[in-house]
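Undergrad: can't give you the sequence, but here's the structure:
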């Protein structure tokens, strides 16, 4: 076989799930996936670490672990262990879904309570994932679409807070934060407009680089943490002592159910757009189980829950590159990066306003994705009722949390300031009780 035929055969293998390709061919495709999710993988850690009062040193340590756990989670999705993992080209990373709740719990109870809640909540989701075939039908497409929309709305205030300089800073909303945030945001938009092909996926990374360079010029980057950083380091096991608060655990378990809903949607979307078929129950079950059990493993390293990344599903849909080994190369890159603390420490120096400029755009995209999902479900009377009432109750009631004062503390902890949880529960109840064909009633 000629060299040209070998190369053509190898390139064709890129578009098949189990095709055999060389490391040289796999590397750029794997790197592309990592670049598409890298910023989104580290941002939740930075936001929650700041809200929980952790030091820059602790934050950089967690970023190191976040990169490793994202790589491990992706490998398990690609190459399942027993029934854990889907066998599909799903890229995993630290979840945005838990940011709002984690910020609240971290500020009120401390970071150790977050870790204890993630440990228990992940195990619950993992077990439920193994038995998904018995309950998955109650999470209909309209429920998943409504929840995704709510997640986007719930994160907008988090992005705005970062844009203003971060939680607790003395000069919140100062002109320098506005400058950094606006320059970063405009850079993201311009890159997205003028970049071609898959490069559009890197608009957030481009904006982050531009904003960071500007922050350096403005003297707003603190490098003091580098004096205690080694060149190579192993991840820390249980860097924070887990603490178990029943209210926080229940709240996290509920949001893990929301995360499972997102994972169902991502798994279905990937199978449809990348493989031109529906996801099997086995694949969906393994995907959810991986989501849960690897999240518990993440807590052992001091990290937040992990989940499938929608932006990488979009990348697969655009490029049609579904090869396991190509994406596994990206996971390997992420794991290696996690063993070099200088990378995590550098990322931890990112000013909050720069992250705000990036995340405002990212969070808005999540809202639009949810709206598009609702559109795909169709605007039947039943679907409109589920989406409209769930969003109205979830977003409306949590704007005035005192409305929950008549309820026990546990209910207030779970729902009063967590619109995603309230939207999820409302949507599930409506989906169960509303007639299937309301138009004919």
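TA: Received, thanks. Given the structure is predicted, the values throughout are model-derived calculations rather than measurements.

Undergrad: Please count neighbours and contacts with C-alpha atoms only from this point.
TA: Fine.

Undergrad: Could you list the low-pLDDT ranges of the stretch 101-250 of the chain?
TA: 197-199, 201, 229 (pLDDT under 70).

Undergrad: OK, contacts around the closest residue to residue 51 other than its chain neighbours?
TA: The shortest distance from residue 51 to any non-neighbouring residue, by Cα to Cα, 6 or more residues apart in numbering, is to residue 103 (5.4 Å). Neighbour list for residue 103: 47, 48, 51, 52 [criterion: Cα atoms under 8 Å, 6 or more residues apart in numbering].

Undergrad: Same check on residue 362?
TA: residue 204.

Undergrad: How about residue 92?
TA: 70, 71, 73, 74, 306, 307, 308, 309.

Undergrad: Nearest spatial neighbour of it, chain-adjacent residues omitted?
TA: Closest to residue 92 by Cα to Cα, 6+ apart is residue 308, at 4.5 Å.

Undergrad: Between the contacts of residue 103, which sits nearest residue 169?
TA: Residue 169 lies nearest to residue 51 out of these, by Cα to Cα, at 10.5 Å.

Undergrad: Report how many residues lie close to that closest one.
TA: 23 (other Cα atoms under 10 Å).

Undergrad: Relative to residue 57, how far out is the spatially most central residue of the chain?
TA: For the chain, the residue nearest the mean C-alpha position is residue 95 (2.9 Å; Cα atoms, centre = their mean). Per Cα to Cα, to the nearest Å, residue 95 is found 22 Å from residue 57.

Undergrad: do the same with residue 238
TA: 15 Å.

Undergrad: between the two, who's got more neighbours?
TA: Between residue 238 and residue 57, counted using other Cα under 10 Å, residue 57 has the larger neighbour count: 18 against 15.

Undergrad: can you count the residues close to the nearest residue in space to the more buried one that is not next to it in sequence?
TA: Counting by Cα to Cα, 6+ apart, residue 57 lies nearest to residue 225, which is 5.9 Å off, once chain neighbours are set aside. Residue 225: 17 surrounding residues under other Cα under 10 Å.

Undergrad: Wasn't residue 225 part of a helix?
TA: Yes. Counting by DSSP: H, G, I helix; E, B strand; the rest coil, residue 225 is part of a helix.

Undergrad: Against residue 41, how distant is it?
TA: 21 Å.

Undergrad: cool, and residue 103?
TA: Counting by Cα to Cα, the gap from residue 103 to residue 41 is 16 Å.

Undergrad: Likewise for residue 371?
TA: 23 Å.

Undergrad: Between the two, which has more neighbouring residues?
TA: residue 41 (23 against 18).

Undergrad: So which residues of the stretch 1-150 of the chain form helices?
TA: All helices of the stretch 1-150 of the chain, identified by DSSP state H, counting those that start in this stretch, fall at 3-13, 23-51, 56-78, 99-109, 111-130, 141-163.

Undergrad: could you say what helices and strands the third one packs with?
TA: Counting contacts by 3 or more Cα pairs under 8 Å, 6 or more residues apart in numbering; DSSP states H and E, helix 56-78 is packed against helix 23-51, strand 92-94, helix 281-300, helix 324-338, helix 341-348.

Undergrad: what about that helix, average pLDDT?
TA: Mean per-residue pLDDT for helix 56-78: 90.

Undergrad: Now do the contacts for residue 161.
TA: Residues 167, 356 are the ones in contact with residue 161 under the rule Cα under 8 Å, 6+ apart.

Undergrad: quick one, what contacts residue 420?
TA: 147, 150, 151, 154, 255, 258, 394.

Undergrad: Check the offset of whichever strand or helix holds it from the chain's centre.
TA: Using DSSP states H and E, residue 420 sits within helix 419-433. Helix 419-433 sits 21 Å away from the centroid of its parent chain (Cα atoms, centre = their mean, to the nearest Å).

Undergrad: how much does that helix deviate in direction from helix 141-163?
TA: Here the directions of helix 419-433 and helix 141-163 differ by 170 degrees (axes from the mean of the first three to the mean of the last three Cα atoms, to 10 degrees).

Undergrad: and the angle from helix 419-433 to helix 99-109?
TA: Going by the same axes, to 10 degrees, helix 419-433 makes 120 degrees with helix 99-109.

Undergrad: What residues sit buried inside helix 419-433?
TA: Buried positions in helix 419-433, judged by neighbour count with 16 or more other Cα atoms under 10 Å: 419, 420, 421, 422, 423, 424, 425, 426, 427, 428, 430, 431.
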